[in-house]
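Novice: Here you go, sequence then predicted model.
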Amino acid sequence: MLDKLDAALQFQQEALNLRAQRQEILAANIANADTPGYQARDIDFASELNKVMTQGRASDTSLSLTTTSARHIPAAGTSVPTMEMLYRVPDQPALDGNTVDMDRERTQFADNTLQYQTNLTVLGGQIKNMMSVLQE
Amino acid sequence: MGMTSIFAISGSALTAQSQRMNVAASNLANADSVTGPDGQPYRAKEVVFQVAAPAGQEIGGVQVSGVVESSAPEKLIYQPGNPLADPQGYVRMPNVNVVEEMVNSMSASRSYQANIDVLNTAKTLMQKTLTLGQ
């Protein structure tokens, strides 16, 4: 029975998770608005959500190399790419190679915030429905 | 991952922007410092920003990778009465461009505010998430 509950909430859960990840990407864009050569990133939300719902969430456990001697060559853990990160196409390129458009990033950030809150409200409503059914 | 790393990302940007503002303030304050501890005129400093992405990740915060000295030429002003003047009567002044520094400090303050907004939004969202299902 519990897996049915889980399945009922899964869509909203995955959507909320993706929204949180997108929020992080947009925060990084805003943080790097003055970094020379930084290229603004984003994800295609619809296709990522579709991918997560059909293939499941990719694990983000990264593999790393344990070095036991000072002469071992350290290798950075290659994490499984969880999603396809896209580059934003700049409409006003800057001379230092930075492609962050502050207006666009702020708008997207506000939009993502609103969508996240919508998601929370819908998920809260679903949980309330479940609760009221369970208490009958 | 998730919302908590927004605090790290925006926090690093706040640190970097306030350091930029510090450097701009130092440059403005020393715009007329003709001589320093080494007897040379003050040289304008500039911060260099760099992406601080954790290993194996594509996105991350920002860090100040270094503070470099500006390569702009020093200004020479004609002041024969100045004790620091050379035999031709010229005094070497710092290479600080006051207008540039003002613009720099304004830009740093705007970016700082933008990152504060991001932090506040992330905080609100986390608080709302914590009350989910109540």
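Specialist: Right, received. Where do you want to start?

Novice: any chance you could map the helices in chain B?
Specialist: Taking DSSP state H as the criterion, chain B carries its helices at B:4-29, B:98-130.

Novice: Can you say which of the ones you listed is packed in most?
Specialist: When neighbours are counted by mean count of other C-beta atoms under 10 Å in any protein chain shown, the highest per-stretch mean among the helices of chain B falls to helix B:4-29, a mean of 20. Where C-beta positions appear, they are placed from N, C-alpha and C, glycine not excepted.

Novice: so does that helix get close to chain A?
Specialist: Yes: figure legend: helix B:4-29 in contact with chain A (C-beta under 8 Å from any C-beta of the partner chain); contacting residues B:5-6, B:9-10, B:12-13, B:17, B:20.

Novice: Next, the contact list for the residue of chain A at minimum distance from chain B, please.
Specialist: Going by C-beta to the nearest C-beta, chain B is nearest to residue A:31 of chain A, at 3.5 Å. With contacts taken as C-beta atoms under 8 Å, 6 or more residues apart in numbering or on different chains, residue A:31 has the following neighbours: B:9-10, B:12-13, B:61-62, B:115, B:118.

Novice: any idea how far the nearest residue to residue A:92 once chain neighbours are set aside lies from residue A:22?
Specialist: The shortest distance from residue A:92 to any residue other than its chain neighbours is 6.6 Å, reached at residue A:101 (C-beta to C-beta, 6 or more residues apart in numbering or on different chains). With distances defined as C-beta to C-beta, to the nearest Å, the gap from residue A:101 to residue A:22 amounts to 17 Å.

Novice: What of residue A:115?
Specialist: Residue A:115 sits 9 Å away from residue A:22 when distances are taken as C-beta to C-beta.

Novice: List, one by one, the residues from chain A near chain B.
Specialist: Contact residues, chain A versus chain B (C-beta under 8 Å from any C-beta): A:16-17, A:20-21, A:23-25, A:27-28, A:30-36, A:38, A:41, A:60, A:62, A:76-79, A:85, A:102, A:106, A:109, A:113, A:116-117, A:120, A:123-124, A:127-128, A:131.

Novice: Identify those among these that sit within helices.
Specialist: When DSSP H defines the helices, the subset of those inside them is A:16-17, A:20-21, A:23-25, A:27-28, A:30-31, A:102, A:106, A:109, A:113, A:116-117, A:120, A:123-124, A:127-128, A:131.

Novice: Find the centremost residue of chain A, please.
Specialist: residue A:21 (2.0 Å; C-alpha atoms, centre = their mean).

Novice: low-scoring stretches of chain A, by residue?
Specialist: Per-residue confidence for chain A (pLDDT under 70) gives these ranges: A:1, A:58-64, A:76-82.
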